[in-house]
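Undergrad: Below are the sequence and a predicted model for it; my questions follow.
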Amino acid sequence: MKNVTAQVKNYRAAPRKVRLLADFVRGKDAKKALAELQFVNKRHAPALVKVIASAIANAKENTDLDTNNLVISAIEVQEGKTMKRFRAGSNGRGLPLRKRLSHISVTLTEKTN
């Protein structure tokens, strides 16, 4: 069974926010997941659409898999680097801000009937 992957590294979003969407589409048909993500009211849904579309394009270009029978077998959102910034606090202090980044990877396999 062939697997097709696509990934995005250092996506500017906290992993816990992107994991909500990843859990929503895990195990679904790839084309159906793309259609459903179009109507999800979350800021990071378009990024997930791009990663899944890239995995479908990889399957079409690099393998002989049928793109209509692809299923999202695995989708992982890992924590990337953290940008450390400071904002103004009281009495002239600087309070830390941690801006988190995500690594998103999608694996598609062909549906077995």
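TA: Ah, there it is. Numbering: from 1, shown residues only.

Undergrad: gap between stretch 41-50 and the chain center?
TA: Remark: stretch 41-50 is offset 8 Å from the chain centroid, using C-alpha atoms, centre = their mean, to the nearest Å.

Undergrad: same deal with stretch 85-94?
TA: 33 Å.

Undergrad: separation between the spatially closest residue to N69 that is not a sequence neighbour and M1?
TA: Nearest non-adjacent residue to N69, counting by C-beta to C-beta, 6 or more residues apart in numbering: K111, 4.4 Å away. C-beta: built from backbone N, CA, C; applies to glycine. Using C-beta to C-beta, to the nearest Å, one obtains 10 Å as the distance from K111 to M1.

Undergrad: Look at these two and report which has more neighbours.
TA: K111 (13 against 7; other C-beta atoms under 10 Å).

Undergrad: Isn't the more buried one up against I72?
TA: No - using C-beta atoms under 8 Å, K111 makes no contact with I72, being 10.6 Å away.

Undergrad: which neighbours do the two share?
TA: Residues touching both K111 and I72 (C-beta atoms under 8 Å, 6 or more residues apart in numbering): D29.
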